[in-house]
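Chemist: below: sequence and its predicted model.
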Amino acid sequence: MKFINLCLSIPNLDTIVFYLIFVILIPGILFTSEDYETLKYYLPALIMLAVTLSTAGAPDMFVNLYPDPCDKMSFGGFLSRNIINGLAIFGLLTQALIVSMATSSITLGLVSGLITFAITFPMAQQILPWFIQEVDELRYHVFRENVKFPGKWHMYLAGLIFSVLLLVIQYVLLIGFTRYILSTGTQLI
């Protein structure tokens, strides 16, 4: 029992567990299995996961995982946010360079990098938290106070669904632009 109380009293335990699982373990497994294709898409999607957990878990859980830059954040939150952003940028650049080298088209690499950047940073950082909060507000309007949901599972589920939607949009845009650029031979650079 003392061990459980000790674990629950450790500050930022939720952030530490997130880093152990999603930043170290999963990329480590993908790297050792030489699944670089999945890894380059996984790293930018890490922002969507962190934003979902931070937004849905507020104010009790995942406070320092990916804090909003407009709020006053601690050094741990600042460091965590920038580590996750750095990993996402590394995955984004790797994806753009691999596409560019595989197709011998700098234009295609640039377009794929811009699409991934637009989905990963502005949409995941601004629209995803707004969507999660709107789903929470909608819950109050639809069910009023008569129905009580345990925890915040509806917010986590909304974040997961919207993250999958963003990834599908990204995939469709990447495939569409890839086919268009390769079929027309468009060269911007």
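Modeler: On my side now, so go ahead. Numbers count the residues shown, from 1 in each chain.
Chemist: quick one, longest helix in this protein?
Modeler: Across the chain, the longest stretch assigned as helix under DSSP state H is helix 153-184.
Chemist: show me which residues of it are buried.
Modeler: Along helix 153-184, these residues count as buried under the neighbour rule (16 or more other C-beta atoms under 10 Å): 154-156, 158-159, 162-163, 166-167, 170, 173-174, 177-178, 181. Backbone N, C-alpha and C define where each C-beta goes, glycine included.
Chemist: from those residues, which is closest to residue 11?
Modeler: residue 156 (22.1 Å; C-beta to C-beta).
Chemist: so who does the closest one touch?
Modeler: Residue 156 makes contact with 52, 53, 56 under the criterion C-beta atoms under 8 Å, 6 or more residues apart in numbering.
Chemist: ranking by neighbours, what's the top pick from those?
Modeler: With neighbours taken as other C-beta atoms under 10 Å, the top of the contacts of residue 156 is residue 52, carrying 26 neighbours.
Chemist: where's it, which helix or strand?
Modeler: helix 36-57 (DSSP states H and E).
Chemist: which strands and helices sit next to that helix?
Modeler: For helix 36-57, the elements it packs on are helix 13-18, helix 26-32, helix 75-103, helix 128-143, helix 153-184, judged by 3 or more C-beta pairs under 8 Å, 6 or more residues apart in numbering; DSSP states H and E.
Chemist: so which of those gets nearest residue 116?
Modeler: The nearest among the helices and strands packed on helix 36-57, by C-beta to C-beta, is helix 75-103 at 5.0 Å.
Chemist: what mean pLDDT would you report for the closest one?
Modeler: Across helix 75-103, pLDDT averages out at 93.
Chemist: ok, now stretch 123-131?
Modeler: pLDDT averaged over stretch 123-131 gives 93.
Chemist: contacts for that stretch?
Modeler: Contact with stretch 123-131 is made by 47, 48, 51, 52, 54, 55, 68, 158, 159, 162, 163, 166, as judged by C-beta under 8 Å, 6+ apart.
Chemist: can you find the helix or strand of the chain with the lowest average pLDDT?
Modeler: helix 2-9 (a mean of 60; mean pLDDT, DSSP states H and E).
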